[in-house]
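>>> sequence and computational prediction follow.
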Amino acid sequence: MMAAVSALCIAFGQWIAAQSALVWLTTGVGLFVIGWVFQFFGHMAYEHRKPAFVDDVIGLLIGPLFVLAEALFAIGWRPALRDAIEREAGPTRVNPDRSAAHR
């Protein structure tokens, strides 16, 4: 699935690159800003901790894969894989008890 999403992103990038400089520059800057807003809002509002890439740059590579997997699991993709991951790592909890997050 990550390969398919990456291929779509590359195709979109090639299409945007073929547009005028104003279009590709505006699109690039806009997507960059929106991505960082989502990044920090999600970590502050839902996870209550700093992004993993702050301590380890590899998190920048793993993050998109994690987000894609969570989105696919949310729509029912490969439930056996999701169950196996949750058995090993524990279930994903969106917006856990705030008192537990600050201990």
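Nice, thanks for sending it over. Numbering: from 1, shown residues only.
>>> if I look at the most far-flung residue of the chain relative to its centre, how far off is residue 27?
Centroid-distance maximum for the chain: residue 20 at 28.6 Å, with CA atoms, centre = their mean. Using CB to CB, to the nearest Å, we find residue 20 at a distance of 11 Å from residue 27. Every residue, glycine included, has its C-beta placed from N, CA and C.
>>> now do the strands in the protein.
With DSSP state E as the criterion, the chain has no strands.
>>> name the single longest helix found in it.
Across the chain, the helix with the greatest residue count (assigned by DSSP state H) is helix 21-42.
>>> mean confidence score for that one?
In this model, helix 21-42 has an average pLDDT of 92.
>>> could you report the neighbour count for the residue lying closest to residue 39 once chain neighbours are set aside?
Ranked by CB to CB, 6 or more residues apart in numbering and with sequence neighbours excluded, the top spatial neighbour of residue 39 is residue 51, at 6.4 Å. The local packing of residue 51 (other CB atoms under 10 Å) involves 15 other residues.
>>> dump the residue contacts of residue 51.
If you count contacts by CB atoms under 8 Å, 6 or more residues apart in numbering, residue 51 has them with 39-40, 43, 59, 63.
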